[in-house]
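J.: I'll drop the sequence and a predicted model, then ask my questions.
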Amino acid sequence: MKVGILGGTFDPPHNGHLIIAQEVLSSLQLNEVWFMPTNTPPHKADAKSRGEDRLEMVKLAIADNECFKLQPIEFERSGPSYTYDTIAILKEKYPNAEFYFIIGADMVEYLPKWYRIDELVHDVHFVGVKRPKFKIVSRYNVIEVEVPQFDMSSSELRRRFKNNQNTKYFLPDAVREYIEEKNLYGSSESISPCKRTADR
């Protein structure tokens, strides 16, 4: 079974993540893509929302795609979430799976700094998601998949929620409603897109 792995804090998950997963799934003819929220990212600031909320948001985001699965393995252990350690566990748990680890083009240049990278490249296929006409350069074997540009980030979405600005069409409605219901990012009220436009 060919399995793509898309890791990240998913704080929150948005349509850009879904586009990446579907494009890689289709381009490489994978069987599934597993969304793997990180518990304690080793090279990134702590997530702004609780782990259980991020897990639930991913569930909501991928609910309508039978090829997308939630992989909560990083929440089953403590300490920094190094990819090498996670893949070692997954390979032992799923010996018949062939893993394709999906990363953004901007992360490819940092591969030499990854923990135990020279061993990791023998355990997974790296997939570099690139922008149109963007060239990926690496001394490691990276499969290139071109993905349409989606100019929105989780940090920008958090800012928009905090300021009660429009977030519709940037992430699944179920995720947006969950965020507003739980007031995850300081979104004190749910304002309809029509009212936001009228107020301007």
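T.: Nice, I can see it.

J.: how about His122, what does it touch?
T.: Taking CB atoms under 8 Å, 6 or more residues apart in numbering, we find His122 in contact with no residue. Every residue, glycine included, has its C-beta placed from N, CA and C.

J.: Could you report the distance from it to Arg131?
T.: The gap separating His122 from Arg131 is 28 Å, by CB to CB, to the nearest Å.

J.: Could you do Tyr110 as well?
T.: Per CB to CB, Tyr110 is found 17 Å from Arg131.

J.: Comparing those two, which residue is more hemmed in?
T.: Arg131 (15 against 12; other CB atoms under 10 Å).

J.: Touching, the more buried one and Glu144? I think so.
T.: No - with contacts counted by CB atoms under 8 Å, Arg131 stays clear of Glu144, the gap being 10.9 Å.

J.: where do the helices sit along the chain?
T.: 15-27, 51-62, 83-93, 105-108, 117-120, 154-162, 173-182, 193-199 (DSSP state H).

J.: What number of residues are in the vicinity of Asn164?
T.: By other CB under 10 Å, the burial measure for Asn164, its neighbour count, is 17.

J.: looking at the chain, which helix or strand does the model trust least?
T.: In the chain, the helix or strand scored least confidently by mean pLDDT, DSSP states H and E is helix 193-199, which has a mean of 53.

J.: Show me which residues of stretch 88-104 are buried.
T.: Residues 90, 97, 99-103 are the ones in stretch 88-104 that count as buried (16 or more other CB atoms under 10 Å).

J.: likewise stretch 78-89?
T.: Of the residues in stretch 78-89, 81-83, 85-87 count as buried by neighbour count, 16+ other CB under 10 Å.

J.: Since that was my last question, I'll sign off now.
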